[in-house]
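Novice: Requesting a structural model of the entry that follows:
(one chain, ligands or ions: 2)
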Amino acid sequence: MQVQPISFLCVKKMELKGRHLLSLKDFTREEIQLILDTSSDLKRLRYRSELGTSLLGQSVGMVFERPSTRTRVSFEVAINELSGDSLFLSSQELQLSRGEPIADTARVLSRYIHGIVIRATSHENVVELAAHSTIPVINALTPMYHPCQGLADLLTIQEKLHELEGLKLAYVGDGNNVCHSLMLGGATMGLEVTVATPPGFEPKPEVTKISRERAEENMAQVELTNDPKAAVEDADVIYTDVFVSMGQDAERKKRLAAFLPDFQVNEALVELAAPHSIVMHCLPAHRDEEITDGVIEGPHSVVWDQAENRLHTEKAVLALFL
Ligand code: CP
Ligand code: NVA
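Specialist: Ligands and ions are numbered 1, 2, ... in the order given. Below you'll find the model as predicted:
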């Protein structure tokens, strides 16, 4: 890989400073590569990086409207390891829950803290929060996107398979937030992304459209299919996520009937992929629904390294954006 001169990196870092991270669609290939390279450096030098004081004297608010294990803990640890302070702000305890407008909350928080990490039930609300914030807003999952997950996924693929460009990634399951971020990130970084869903559970058309535009700019490909076996044939990466996302519990029965048994990532499906293929899942997983116990615990699975990479990519995002 070509080593970029320091001056180039400094200029690129400046371009990310102060930006919001709402969706990977807002970032170029160079910008995503810079985040991934910074993540790798921070991982290699976990307690020794010169970026370890990046957040000294800065406070980051963490607003969570939904449960979280990985995102909450990895962000809190990331902020600590960069010498900053995190404030956990449960949405129930903010005046937002009593009707204070999002715009007012954004303007007030911008006077106290230096960045907002938010997991929200509405993507539009996060966009509105960002529009009125003078500090970076980082999307920690909405029903539409999960960009922090997408970055950790790309880092994991790059580490395991030593490149991104030209790899075949098969996403099998629900065309949801995780799928959307993977499509956008994958297309921007030159992957061939095939998404296999049951009819009616495809990714949102606007995400498919933007992903295909990115793919065209980056010699990548984005295909949709209803055939999981065709999608995984010779794939380098198989990815799945839950069939019932947070907030969809009322649809559980209908969803499981649509996805099972054909869209389960099981041993027979993995057998169709390339012999060196890796199996990914953003977690939490529902064993024997979207993925079998044998596959998640098996030799192709990289899910624990993938979960660890949330920490390193979030440290990079905080160091570069705040
Ligand atoms: N993958 C992920 O975002 O996990 P959490 O819901 O535990 O944060
Ligand atoms: N699609 C899942 C991802 C969880 C990290 C959800 O939104 O619940």
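Novice: Would you mind listing what in the stretch 201-322 of the chain touches ligand 1?
Specialist: Taking Cβ under 6 Å from any ligand atom as the contact definition, the stretch 201-322 of the chain meets ligand 1 at 282-284. Using the backbone N, CA and C atoms, a C-beta is placed for each residue, glycine as well.
Novice: those strands in this structure, which residues are they?
Specialist: Using DSSP state E, the strands of the chain run over 59-64, 85-90, 115-119, 137-139, 168-172, 192-196, 221-225, 237-240, 278-281.
Novice: JSON lines for these, including mean neighbour count?
Specialist: As requested, those are exported to JSON lines (neighbours: other Cβ atoms under 10 Å):
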{"stretch": "strand 59-64", "mean neighbour count": "21"}
{"stretch": "strand 85-90", "mean neighbour count": "16"}
{"stretch": "strand 115-119", "mean neighbour count": "26"}
{"stretch": "strand 137-139", "mean neighbour count": "26"}
{"stretch": "strand 168-172", "mean neighbour count": "27"}
{"stretch": "strand 192-196", "mean neighbour count": "25"}
{"stretch": "strand 221-225", "mean neighbour count": "19"}
{"stretch": "strand 237-240", "mean neighbour count": "28"}
{"stretch": "strand 278-281", "mean neighbour count": "25"}
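Novice: Which one of the ones you listed lies nearest to K160?
Specialist: K160 sits nearest to strand 278-281 of all the strands of the chain, at 5.1 Å, using Cβ to Cβ.
Novice: What are the boundaries of the helices in the chain?
Specialist: Applying DSSP state H to the chain gives helices spanning 6-16, 29-44, 70-81, 102-112, 123-132, 147-161, 177-188, 205-217, 228-232, 252-259, 267-270, 293-296, 303-321.
Novice: Most tightly packed of the ones you listed?
Specialist: By mean neighbour count, with neighbours taken as mean count of other Cβ atoms under 10 Å, helix 177-188 ranks first of the helices of the chain at a mean of 28.
Novice: From the residues of the stretch 201-322 of the chain next to ligand 1, keep the buried residues only.
Specialist: The neighbour-count test (16 or more other Cβ atoms under 10 Å) marks 282-283 as buried among these.
Novice: Now render the residues of the stretch 201-322 of the chain next to ligand 1 as TSV, adding pLDDT.
Specialist: Formatted as TSV, the entries for these read as follows, by pLDDT from 0 to 100:
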residue	pLDDT
C282	98
L283	98
P284	98
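Novice: Could you single out the nearest of the residues of the stretch 201-322 of the chain next to ligand 1 to ligand 1?
Specialist: Lowest distance from ligand 1 to these (Cβ to the nearest ligand atom) belongs to C282, with 4.1 Å.
Novice: Okay then, goodbye and thanks.
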